[in-house]
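*Asks:* I'll drop the sequence and a predicted model, then ask my questions.
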Amino acid sequence: MIETLRAVHGFRFAPAEDSVFYTTAFLYATPLALVTLVLFLWSLAPAVKGEVGRGFMAWLRLCWAVFLVPAVTGVILSLGGAKVPSSVIASPEYQAEFCGQVSNLTRYCQPFDSGRDPEHWMYAGFALLSLYALEVLTRTETLPRRISLALLPVVTLFLYGVVFMADRVSFWPGSTPGQ
């Protein structure tokens, strides 16, 4: 059961090296990154046209659904004691076999960084707040309509950035590797 949750939570696109998408795959490594990148591009239209269409709202709902899958599985995994891979030292046997050395490395042969787990949670929280902000901007009259629509690309770009960073901190060490 836990391995299934890990597989769902950590799903990443892996295009073949000879694929035309291989060089840009880091931009949309996860399904959430892909849908938020499309949402950002789509948000430019309402900002210019001055109205939000049903298609944009449907895509925003899809973003919520795609966000909730890794969010819920991540909460379940963390309740079981799991942490992001960049903050966990791999076993010495794994390091010797796959990394060629044994020196406090993660399963991706990078120096471990214990501070990456709280960062992952922080970025997930920012993504949740960004999705909520998008709902407020598109559905309420808290700001003048023109200003709300002009802010859509800013908030969706921020959303894409935090989703990108939530994925990045899972695999790469930060400024304090080895601590």
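*Replies:* That came through fine.
*Asks:* which intervals of the protein have sub-threshold pLDDT?
*Replies:* Applying pLDDT under 70 to the chain flags the ranges 15-16, 20-23, 177-179.
*Asks:* can you pull out the helices in it?
*Replies:* Along the chain, counting by DSSP state H, helices occupy 2-9, 31-49, 54-79, 92-94, 116-139, 145-171.
*Asks:* so which of those gets nearest Ser86?
*Replies:* Across the helices of the chain, Ser86 has its closest neighbour in helix 116-139 (4.3 Å, C-beta to C-beta). Backbone N, C-alpha and C define where each C-beta goes, glycine included.
*Asks:* what's that closest one packed up against?
*Replies:* Under the contact criterion of 3 or more C-beta pairs under 8 Å, 6 or more residues apart in numbering; DSSP states H and E, helix 116-139 touches helix 54-79, helix 145-171.
*Asks:* now what about stretch 115-126, what contacts it?
*Replies:* If you take C-beta atoms under 8 Å, 6 or more residues apart in numbering as the criterion, stretch 115-126 is touched by 71, 74, 83-84, 86-87, 158, 162-163, 165-166, 169-170, 173-174, 176, 179.
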